[in-house]
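Asks: one predicted model, sequence on top.
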Amino acid sequence: MLRVMAVDGETSALSELVYLLRRNERIEHVTTAQDGLAALHMIVTMLGAGERLDGVFLDVRLPGLDGFELAKMIAGFPGRTRLVFVTAHDCAVRAFELEAVDYVLKPVRPERLAQAVRRLSSAAEAVGGEEEGIDVIPVELGGRTKFVQRQAVWYAEAHGDYVRLHTVDGTYLVRMPLAALERRWGGSGFVRAHRSTLVNARHVSELRYDGGRMVLQVGGAVLPVSRRHTRQVRDQLVRRFRVPTSTLGSM
C-alpha cells in the first residue's frame, strides 16, 4: 500500500485528484498541499519523523515554488520518494530528466491515473526488498537544511532533550531524545552502549576491555560501554559480524 502526497494550486483540481487517488486500492494514505513551499515543508517534516512517503503527484505551476523546482529538491533527498507529474502542460522531457515515474495530462482520466499508480507501486516494490531502507534526519544549519543519512552516523550522544550526531563530516545537534532515536534506529544496527550513547555497530572498528570495562573504538572516539549494556552490545556485535564468542570471551 502506498503513502502519497498530492500537490496542486487549484482547489477543484486538487480535490478531484485526491478523490481519484483515495478510490485506488493501492493507495493507503493521501496528504495534500496547495503550494510548493508548503509541500516542501511537509515532506521535510515527514521524512524527519521517519514517515514513509512513496510518491508525490504534483502540478507544474504552483504558487511559491513551482513543480519543477520542488521536484528537483525531492529528487535530491536521500530516500525513495518517487515523482508523478499531473499537469495540463506536456512535460515529458523534463519529467524524464527528473526521473519521474510518470506524467499525467489534465483533465485527469481515472484509468490514466490508475496506470500511473501502478507504475509508482512497481517502483516502490522494486526497492522494497533492499536489506535496509534509507533514513535521514533533517538538520537546520544557518537557514539551510542538511539531510544526515542514518548509515553516515557513527554514534549519537545524549544532551538533555537533544542528541548530537557524530559523523565523518562533523557533528550535528538535533532536538530529539536519545530514547526516541533508539526506537527509530534500534532495528537497523544501532545499539545502546551507555545511557548517553547510541552506537552504529557497522562503524565499530575495535572492541576491547580496559580495566575490566568494555570499550568500543568508533571512528576516532573510544566509547565506554556500561556494565548494564555490556551483554547487549556483545550479542549485537556477535550477530552482526559473527565474531567467535570464544574470542570475545578471552578479551
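Replies: Perfect, I can see it now.
Asks: which strand or helix spans the closest residue to Arg22 other than its chain neighbours?
Replies: Setting aside the residues directly before and after it, Arg22 is nearest to Val30 in space (CB to CB, 6 or more residues apart in numbering), at 5.6 Å. Every C-beta, even on glycine, is put in place using the N, C-alpha and C of the backbone. For Val30, the element it lies in under DSSP states H and E is strand 27-33.
Asks: helices or strands next to the helix or strand following that strand in the packing?
Replies: Remark: after strand 27-33, the chain's next helix or strand is helix 36-48, criterion DSSP H and E. For helix 36-48, the packing partners by 3 or more CB pairs under 8 Å, 6 or more residues apart in numbering; DSSP states H and E come out as strand 2-7, strand 27-33, strand 55-58, helix 67-76, strand 136-141.
Asks: tell me which of those sits most buried.
Replies: Mean neighbour counts were compared across the helices and strands packed on helix 36-48 using mean count of other CB atoms under 10 Å; the top stretch is strand 55-58, at a mean of 27.
Asks: quick one: strands adjacent to it?
Replies: strand 2-7 (parallel), strand 82-87 (parallel) (DSSP bridges).
Asks: any chance of those strands in a markdown table, plus distance to Val117?
Replies: Output for these, formatted as a markdown table (distance: least, CB to CB, whole Å):
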| stretch | distance to Val117 |
| --- | --- |
| strand 2-7 | 7 |
| strand 82-87 | 8 |
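Asks: comparing those by mean pLDDT, which bottoms out?
Replies: The weakest mean pLDDT among the strands paired with strand 55-58 belongs to strand 82-87, with a mean of 91.
Asks: who touches that one?
Replies: Contacts of strand 82-87 with the rest of the structure, by CB atoms under 8 Å, 6 or more residues apart in numbering, involve 6, 8, 17, 54-61, 67, 71, 74-75, 91, 95, 98-106, 108, 113, 116, 119-120, 123-124.
Asks: make a ChimeraX selection of whichever of those turn out to be buried.
Replies: A single ChimeraX command selects the buried members of the contacts of strand 82-87 (16 or more other CB atoms under 10 Å):
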select :6,8,17,54,55,56,57,58,59,60,67,71,74,91,95,98,100,101,102,103,104,108,113,116,119,120,123,124
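Asks: show me where the stretch 151-251 of the chain has helices.
Replies: Under the criterion DSSP state H, counting those that start in this stretch, helices of the stretch 151-251 of the chain are mapped to 178-185, 230-241, 245-249.
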